[in-house]
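**Student:** Build the 3D model from these lines:
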Amino acid sequence: MSQDVLPLVVVPVFDHPQAIEGLVHTLRGLGVPCLLVDDGSGPDCAALLARLAADFPDAVSLLRLDHNQGKGAAVMAGLREAGRRGFSHALQIDADGQHDARDVPRFLAMARETPGAVINGRPIYDDSVPRARLYGRYASHVWVWINTLSLAIRDSMCGFRVYPLAPTLALIDREYIGTRMDFDSEILVRLYWQGLDVRDCPTRVTYPEHGVSHFRMLRDNLRISAMHTRLFFGMLWRLPRLLARKVRG
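**Tutor:** Numbers count the residues shown, from 1 in each chain. Below you'll find the model as predicted:
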């Protein structure tokens, strides 16, 4: 691997026993180490995660949070642990089986080309995607485009991406970022505000027939709406800087 890019895969897990074992085996086959962040899972899933870490200590490690804190909190705990261990980049991938882990090498190749950029998954959906979820994402996309004055972030809600750890850890230690389903969009906007480039990596996304989603339509949409409102007011006082960046191209 490049001297500039030493990656750790960070997987936030909250009661996803049906998909996590297959994901771990795929990642092992790709030769990349992974950190499972157990976000307060129940006993069955917690036992499975402990077994995976015990069975493959060379490739899989486990960080357990005492209680469920939310996807964003779990990812941030994983990012901090990755930084503590000396990794330069963290690849986030969700544990619900929607993402094609075989694309991990493409994400990491792009990170090696531009190690200072965020490599962000741009979903390519098949017919399994629920139409309400697909169309609902566009409202969030529009707000992200407004709050960045840019179309650089084509999809802010895909939980498959690579973070350069130094600027990302500096950000999460300095700013409040939503700890649940609002995390994925908010951290991308704030990293863009910091001047980081965001590069798209197209990736196939499927919704498994018996998959488990912890997205709660009313609660999480309200939380995401509040996040976009908060970002909008943050954008206003950054407006001169964002306009200057747009002019520079």
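**Student:** In stretch 49-60, which residues are buried?
**Tutor:** Within stretch 49-60, the residues that count as buried by 16 or more other C-beta atoms under 10 Å are 49, 52-53, 56, 59-60. For every residue, glycine as well, the C-beta is placed using N, CA and C.
**Student:** same question but for stretch 30-38, I mixed them up
**Tutor:** Those would be 30, 32-38, for stretch 30-38 by 16+ other C-beta under 10 Å.
**Student:** and what of stretch 230-243?
**Tutor:** Neighbour counts over stretch 230-243 (16+ other C-beta under 10 Å) mark 231, 235, 242 as buried.
**Student:** Not counting sequence-adjacent ones, nearest residue to Asn117?
**Tutor:** One correction, residue 117 is Ala, not Asn. Nearest residue to Ala117, sequence neighbours excluded (C-beta to C-beta, 6 or more residues apart in numbering): Asp197, at 4.1 Å.
**Student:** count of neighbours near that neighbour?
**Tutor:** Using other C-beta atoms under 10 Å, Asp197 is surrounded by 12 other residues.
**Student:** got it, and Asp44?
**Tutor:** Asp44 has 10 nearby residues by other C-beta under 10 Å.
**Student:** Go ahead and confirm it touches Ile20.
**Tutor:** No: taking contacts as C-beta atoms under 8 Å, Asp44 lies outside contact range of Ile20: 11.4 Å.
**Student:** residue contacts, the residue nearest to Ala117?
**Tutor:** With contacts defined as C-beta atoms under 8 Å, 6 or more residues apart in numbering, Asp197 is in contact with 114, 116-118, 152.
**Student:** Could you rerun that using 10 Å?
**Tutor:** Contacts for Asp197 (C-beta atoms under 10 Å, 6 or more residues apart in numbering) come out as 114, 116-119, 152, 191.
**Student:** What separation is there between it and Ser150?
**Tutor:** For Asp197, the distance to Ser150 equals 11 Å [C-beta to C-beta, to the nearest Å].
**Student:** Check Pro43 too.
**Tutor:** Distance from Pro43 to Ser150, counting by C-beta to C-beta: 45 Å.
**Student:** Tell me which of these two has more neighbours.
**Tutor:** Per other C-beta under 10 Å, whichever of Pro43 and Ser150 has more neighbours is Ser150, with 15 against 7.
**Student:** returning to that earlier point: ok, which pair from the buried residues of stretch 49-60 is furthest apart?
**Tutor:** Greatest spatial distance among the buried residues of stretch 49-60 (C-beta to C-beta): Leu49 and Ala59, at 13.8 Å.
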